[in-house]
Structures are given as structure tokens and as C-alpha cells.
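Novice: Sequence first, predicted coordinates after that:
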Amino acid sequence: MNKIFLVIQREYLARVKKKSFLIATLITPLIFPAIMGVFVWIAVQEKENQSLRIIEVIDETNLFFMESSDQYAFTSSIKDPEEAKSLVIEGDRYGFLYIPKIDVANPKGIQFFSLDNPSMSLMSYLENAMKRKIEDQRLYEKGIDPQILKEIRTAVDIQSVTLVGEGEEKINDASVNYAIGFLTGILIYIFIFVYGNQIMQGVIEEKSSRIVEILVSSLKPFQLMLGKIVGIGAVGLTQFLIWVILIGALSSIVMGVLGMQMPQQQAMEMANPEFANAAPDTGELGEILAVINGIDFVSIVLSFLFYFLGGYLLYGALFAAIGSAVDAPSDAQQFMFPITIPLIVSYMGLFVFVLQDPNSTTSFWLSVIPLTSPIAMMGRISYGVPFWELALSMGLLVTGFLLTTWLAGKIYRIGILMHGTKPSYKILWKWIKASQ
């Protein structure tokens, strides 16, 4: 055990002491907010500096009037369509919307002409505007006043409340649960790939430089593999915890400068009886705080750490086995495919099944199968998962990690000392059987 700890210490310190680690750890939390800030600034500048785009409208039905917006101005005329096209070509108009004589029951033939390929937002704006106007016209022809329907239409906001048990209720928000599941699932997906590849690259480098021959003279190959996996995993966990602390501190500073409070502070104040009695009805703020209070952050964080470590250890053993079997990264591509397939399946399943319906049968199986559960289960956690399902998933993940480590250890034991051979799946199977 002491030898494994020494390998863990070596792998951990060798990476943590690198300047690249410090730079990536400190700069990464700043990169994404900075990029988003730059994009927002550019979008604001473009909107302010963007000239009003004039669109010529020729309506042969004389039924529709297009209202102008901040970005587009519509001018109606009785020009010939060819004249309108000439205005566009000469630059006097940004585009030309042609509405021929159409049957409102089956509107076909409406066209938009421009020199540039129109953006999706512009086409959606035009299509939605025409859709509303055609629907109003059809209502009018049926003897129904469209204005009456507009006055009748009402926006409905349904509050989602989960019955926890024994009269306890918890307010939640599907969009918040979706965001939490999305972020945590993607983070685990990225971490497994990044640090799994680091394990494989490290094993290949040590094998190519023959350092590993010196190492295995004083400790068992399995001890070396396990120490390397745990050591690099500790690096990833350290980096993630630093990011959480930095992002939390930076958020508090920025919100403090802007004169705002963190949601946790607001929730504490709202929970204070004196404050609650003195404060007026907070409306939407109160609903937001109720949703935040309904989120079990402790369970989410603990589950994330478990599935982060479990998923990493499971796939890390497989990456280490691949690294031990090959002499160069190019030779590892054929063995990477079977490993990446479950990751891709869980990544796609997160969006197609889990986040859309976390309680479906497919979501259940994705969240309990060890190769897909680290990503899929994190997509379900924020929605609430029955204890037995969570226990089953965690138990199978631990079992899967032990099994993959056992198989990877058999490959690692022989492959780490093999040089100059082009391994295949058949050879890997022989190594597994030979080391029994």
C-alpha cells in the first residue's frame, strides 16, 4: 500500500508543480466569463451600430401590413416586382418581400429577395409575422374578430411542486433541473476524456522511455497502474475544487460591486423571521428563492464527486490498459473506439432521453449501467432519484470499476514490458488468459 501511495504522490506532485497546471487552473475560470463578456459587448456594439434595414413589401392581396421594428423597416408600394428587385440590387433596399395573390387557407408562393443570404432570425421573424397575419385574416373571414381572441388569450405559468412525503412539499423548476443536469453531465464527460487521455499518454511515454522497466523492478505492475490512475485523478479533483472556489469568490466580488446579493445570502435573509415580517411580497424573487431552497445542493455535490471519481476510475483503468499495450499514440486509435462508444452513447442519451424525461425506462437503464451511469445519473439527480435506484447505480459503478481494473491489470502486467509488437484484440485476449 505504501508503494501505491508513493506512485500517487509522484504522479500528483509531478503534474501539480507544472506551470501549465497552475496557468490552466487559474486562467480557465476567467476564460469563459471573459469570452461571454466579449461576445455580449460585441453583440451590444453591433446592435447599436447596425443601420436600419429597409425591406420593400409588395402585397398583391392588399390584406397585410408589416409593422416595422428596431432592426427592420417595411415600406409598402405598388411597384412592379422587377423594380423592387432593382432597388435591392442598387442597395436602396436590404430586401424585398413579395406577397402574391394567395389563398389564405393554403398560403403558397411568398418570397423574400436579398443580395445576402438572410439570417435565420430574419426568416423566422418574417414567417412568424406572416403566420399571425394570415391567421387573423382567416378568423376575420369566419366572422370572428381577431382582437377579441387576443384579449382572451392568457399566459399561464404552472408552478411545479414535488410531494416529498408526510405533508412536506418542495417547489422546483424544470429549467433549473435541466441546467444542473446538463452542466454536471457535460463536466464529467469532459473530465473523463481529458484525464483518461493523460493516463494513456503518461503510460505510453514511460513505456517508450523504458522508465517503467526500472519502476516495475521495485513494485508490481498493478500497483504502478493503480497509483497512476489515482494520482492523476487527484490532480483533476484538485483542479475542479480550485475552480469551484475561484468561481464562487469571483461571483461574490462581481455581484458585490454591482450591488447585488448571492442567492444564498438572499435565501438566508428571507429565512430570517424579522426580515420576512418586514419585507414586502417579493413576487418573482420569492419564487426564485423558493426554487433555490428546494435544490438539495449537498446531494448534488456529493453525487457529482462520487460519479466523477467512479467514472474516472472505471475509464482510467481502460485508458491505462490501452497505453500499456501500444508503443505510440497512433497505435492506440483502434482500441479507443470501444471505450469512446459508451461515452458517446451516454452523452447523446443525456440530451435525447435523460434530460427530456428523467423517469423513463431508457433513462433508468442509462443511469444504472456502469459505463453510462456517471453522465446519465447526473442528468437525473437534480430531478430527484429514488434511493434504491441511486444505491443500485452506485453499487454497479463500484463493481464495474473493480472489474475493469482487474481486466486492465491483466493487460497492463504483460503489455507494459512488451516492445515492438503490434497488439490486436486477439493478442489482448491472450494476455488476459495468460495472466490468470
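Specialist: Looks like it came in fine. None of the values given here were measured: they were computed from a predicted structure.
Novice: Return the residues in contact with the residue nearest to D59 when sequence neighbours are not counted.
Specialist: In this structure, D59 finds its nearest non-sequential neighbour in I99, 4.5 Å apart by Cβ to Cβ, 6 or more residues apart in numbering. In this view, the C-beta of every residue, glycine as well, is placed from N, C-alpha and C. For I99, the contacting residues are 57-61, 64, 110, 130, by Cβ atoms under 8 Å, 6 or more residues apart in numbering.
Novice: Just the buried residues of those residues.
Specialist: The neighbour-count test (16 or more other Cβ atoms under 10 Å) applied to the contacts of I99 identifies 57-59, 64, 110, 130 as buried.
Novice: How many neighbouring residues does A43 have?
Specialist: A43: 10 surrounding residues under other Cβ atoms under 10 Å.
Novice: got it, and E135?
Specialist: Neighbours of E135 under the rule other Cβ under 10 Å: 13.
Novice: Contacts only, for it.
Specialist: Neighbouring residues of E135 by Cβ under 8 Å, 6+ apart: P146.
Novice: Give the next helix or strand downstream of the helix or strand harbouring it.
Specialist: Assessed by DSSP states H and E, E135 sits inside helix 120-141. Proceeding C-terminally, helix 120-141 gives way to helix 146-152 as the next helix or strand, assigned by DSSP H and E.
Novice: Does A34 fall in a helix, a strand, or a coil region?
Specialist: Three-state call for A34 (DSSP: H, G, I helix; E, B strand; the rest coil): helix.
Novice: hang on, G196 packs against Y312?
Specialist: Yes. G196 lies in contact with Y312 (Cβ atoms under 8 Å); the separation is 7.1 Å.
Novice: So between the two, which is more surrounded?
Specialist: More crowded of G196 and Y312, by other Cβ under 10 Å: G196, with 29 against 26.
Novice: May I have the secondary structure class of the more buried one?
Specialist: helix.
Novice: Apart from its chain neighbours, what residue comes closest to it?
Specialist: Excluding the flanking residues, the one nearest G196 by Cβ to Cβ, 6+ apart is F319, at 4.1 Å.
Novice: Give me the distance between that neighbour and S119.
Specialist: In this structure, F319 and S119 are 43 Å apart, going by Cβ to Cβ, to the nearest Å.
Novice: Show me which of the two is the more surrounded one.
Specialist: Per other Cβ under 10 Å, whichever of F319 and S119 has more neighbours is F319, with 28 against 9.
Novice: element containing that one?
Specialist: Element membership of F319 [criterion: DSSP H and E] is helix 297-325.
Novice: can you tell me which residues contact the residue nearest to G196?
Specialist: F319 neighbours (Cβ under 8 Å, 6+ apart): 196-197, 199-200, 339.
Novice: 6 Å instead, please
Specialist: By Cβ atoms under 6 Å, 6 or more residues apart in numbering, F319 lies in contact with 196, 199-200.
Novice: In TSV: the buried ones among the contacts of I99, plus secondary structure, pLDDT and distance to A34.
Specialist: TSV is the format used below for the buried ones among the contacts of I99 (DSSP: H, G, I helix; E, B strand; the rest coil; pLDDT from 0 to 100; distance: Cβ to Cβ, whole Å):
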residue	secondary structure	pLDDT	distance to A34
V57	strand	90	42
I58	strand	89	47
D59	strand	89	47
F64	coil	84	45
I110	coil	90	43
M130	helix	89	40
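Novice: Thanks again, I'm all set now.
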